[in-house]
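Asks: here are the coordinates; sequence isn't available:
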DNA sequence: TGGGCCAAGTCAATCGATTGACTACACTGT
DNA sequence: ACAGTGTAGTCAATCGATTGACTTGGCCCA
């Protein structure tokens, strides 16, 4: 009586003088089992502290309701916002999420995807980490699997990958930032952050740069770096202390913009008066920044839920084209952008 | 050839004219299998795009290397810092993390724990959400399981739970905040945030209140609320606009303190001169706040790694007492606390 | 010639649940 | 009296890997 191994379906059956078949069906409320029997089975399961062995069931059914969700990183809270929308959608449909965090490290991302496959998840929702390529994906998913293994990327696109993708209109996001700064009268505008290793960073920067160019404004200062307050602070401090400092900052991410605000504060500059600052993402905190941050809103709900529902439809057998769905961005004007034209 | 089901161990065996036993052993580099055979098996596995079915293996072995980690929430990035330390430690020991986020919702927390059990995780590391009780835990884990199912709480303690717990010295954290504000000459100090639903909140507030009382200072204003910038901003704005405004804020969390800084800024008050603000946690961003935030450092590494290693030792059969390990806190002085005595 | 031994590998039961095919039995109507 | 029908439940193969016990064949040496 001490070898307390896990209670099995079999134990309930024995105690009730039934077969495992009956218990199995009863536990899942099969109509073939009379109510009275089902009640007895349920009661006994409860009494014994029975825990359903879903792994065994999945093995037999050759199918699982677990879906892998891999996030590039969580130190930027905006990705938690994506996750929330995705989880809500999937949970509502009875799915379980196997969550991984890659910390912007392709090796960790691969380890997670591999684990997920080995544990038999039925698909993957991926916000790819820096530098992820279509080749990485192909290497992670054997060809014969790919056919029946729904895989969708969100937030960041993987170029050339033949899977459905749901991303923000990053080109337009960059354009919106540029357009509003130009309208505010700025000409010495600096682009902060991003780089070339995500579609998001490339897109936003390109939209920004081409809009300035079209307006005939001299080539902007571009300063790449990590997506953190620290980088925004350091870069803005340096630039503002230089000769010919910029009069506006367009930031790849709100997080960077927060750092810029800090730098302004330290230097005694008031954002929205002495200098303009625009972020991107519109994370929850942006409205509570000091002062409230002007930014380009990314529709995290539309992207997250869009990816999740497309995933579920794919799994249901609906043919989903391996195309990239681009969700519209919008400008949110708050205190850090100068309202009146530049003198 | 189109019924592309998953490749099995068996498929490799057939193609090589071997038995599944041999292939199974070879794949795990068993010494009984000659090198040459192992190489051929590995090569064939690679060629076929074989994916190990860990769920099947775990079923047979009646054991899994997956460990559930359940976080109360992720919108506060400090919990991601705990997670990072825990994951590092567990991954290093060949474990896989099954991650859940409860969003401060006991129902979601229960759903996750249940899922984890059903999928056969071998233990649980829990940062309990608001209001979690020893009873919740008992209800989630059948008694017969509890014996062989390592379960450890971290960051927040569950009162009365007979499991090992790793937490910050929250009483001392509250005392440190109070002591430093008193030393700076403050007497009208306000406590912001927390509440009564986590050990963290209760402990910090108690340490704070009892230190003020011991110093003979009038009972502080106490203002409970959610752990967010928004709450800090709203509460501080209201209090500072009132008659007899506080001259210092001790905040349950850095996140709240950030909101307070924002409120100060809006009202034209300079933190560290006109008013002092102290946070708690020392999250990564605290040093980059505007201005840099004085705070009580919580040793997230010691807590996270402590919990993870205790967990692993428990699993290895070492007897770990169901006691609470309290990790020391320390005060980090930055710009938001007045350095000279109050005039 | 044959016993002993080793190397390389196979056999078959097993983990816990699922499910299509089947049985046992009671009742009904003619 | 018995075919027909329905109800409640059982049988046994199956999912994919693991592993202790066993086999097979080759070789050595007395």
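Replies: That came through fine. All values derive from a computational prediction rather than experimental measurement. Residues are numbered from 1 along each chain as shown, chains lettered A, B, ... in the order given.

Asks: now residue A:170. Nearest residue, chain neighbours left out?
Replies: Sequence neighbours aside, residue A:203 is the residue nearest to residue A:170 in space, at 3.0 Å (criterion: Cβ to Cβ, 6 or more residues apart in numbering or on different chains). For the C-beta atoms, the positions are set from N, CA and C on the backbone; glycine is no exception.

Asks: and the one you found, what pLDDT?
Replies: According to the prediction, residue A:203 has pLDDT 98.

Asks: what does residue A:281 give?
Replies: At residue A:281, pLDDT is 98.

Asks: cool, residue A:15 as well?
Replies: The score at residue A:15 is 96. That number is its pLDDT.

Asks: in the stretch 201-343 of chain A, what residue is nearest DNA strand D?
Replies: Proximity of the stretch 201-343 of chain A to DNA strand D (Cβ to the nearest atom of the strand) peaks at residue A:315, 18.4 Å away.

Asks: do the stretch 51-200 of chain A as well
Replies: residue A:60 (3.4 Å).

Asks: by contact count, what packs against the helix or strand that contains that residue?
Replies: Assigning secondary structure by DSSP states H and E places residue A:60 in helix A:54-61. When contacts are defined as 3 or more Cβ pairs under 8 Å, 6 or more residues apart in numbering or on different chains; DSSP states H and E, helix A:54-61 packs onto helix B:54-61, helix B:106-118.

Asks: quick one, phi psi at the nearest residue to residue A:40 once chain neighbours are set aside?
Replies: With Cβ to Cβ, 6+ apart as the criterion, residue A:40 has its nearest non-adjacent residue at 6.1 Å, and that residue is residue A:16. Main-chain dihedrals, residue A:16, degrees, to the nearest 10: phi -100, psi 0.

Asks: burial count for residue A:16?
Replies: By the criterion of other Cβ atoms under 10 Å in any protein chain shown, residue A:16 has 17 neighbours.

Asks: you'd agree it is up against residue A:42?
Replies: No - using Cβ atoms under 8 Å, residue A:16 makes no contact with residue A:42, being 10.9 Å away.

Asks: can you give me the helices for the stretch 1-150 of chain A?
Replies: Remark: helices assigned in the stretch 1-150 of chain A by DSSP state H, counting those that start in this stretch are A:9-16, A:20-27, A:35-48, A:54-61, A:78-92, A:106-118, A:134-140, A:143-146.

Asks: I meant to write the stretch 151-300 of chain A there.
Replies: Listed in chain order, the helices of the stretch 151-300 of chain A (DSSP H, counting those that start in this stretch) span A:170-183, A:199-214, A:229-241, A:254-267, A:300-315.

Asks: just to revisit the earlier point, deepest of the helices and strands packed on helix A:54-61, which one?
Replies: Mean neighbour counts were compared across the helices and strands packed on helix A:54-61 using mean count of other Cβ atoms under 10 Å in any protein chain shown; the top stretch is helix B:106-118, at a mean of 18.

Asks: what average pLDDT does that one get?
Replies: Rounded mean pLDDT across helix B:106-118 is 98.

Asks: try stretch A:320-330
Replies: Stretch A:320-330 comes out at a mean pLDDT of 97.

Asks: and that stretch, end to end?
Replies: Length of stretch A:320-330, first residue to last, Cα to Cα, to the nearest Å: 27 Å.

Asks: how about residues contacting it?
Replies: Stretch A:320-330 has contacts (Cβ atoms under 8 Å, 6 or more residues apart in numbering or on different chains) with A:157, A:161-170, A:172-173, A:176, A:296-299, A:302-303, A:306, A:310, A:313-314.

Asks: grab the nearest non-local neighbour of residue A:275.
Replies: Spatial nearest neighbour of residue A:275, chain neighbours left out: residue A:269 (5.3 Å); criterion: Cβ to Cβ, 6+ apart.

Asks: now the one you found: how far from residue B:289?
Replies: 17 Å (Cβ to Cβ, to the nearest Å).

Asks: of those two, which one has the most company?
Replies: Counted by other Cβ under 10 Å, residue A:269 and residue B:289 do not tie: residue B:289 has more neighbours, with 27 against 18.

Asks: ok, the more buried one to residue B:178 distance?
Replies: Per Cβ to Cβ, residue B:289 is found 21 Å from residue B:178.

Asks: same question, residue A:319
Replies: Look at residue A:319 and residue B:178: by Cβ to Cβ, they are 64 Å apart.

Asks: of these two, which one has the most company?
Replies: With neighbours defined as other Cβ under 10 Å, residue A:319 and residue B:178 compare such that residue B:178 has more, 28 against 6.

Asks: which residues does the nearest residue to the more buried one once chain neighbours are set aside contact?
Replies: Using Cβ to Cβ, 6+ apart and skipping residues adjacent in sequence, the residue nearest residue B:178 is residue B:211, 3.7 Å away. Residue B:211 makes contact with B:174, B:175, B:178, B:179, B:182, according to Cβ under 8 Å, 6+ apart.
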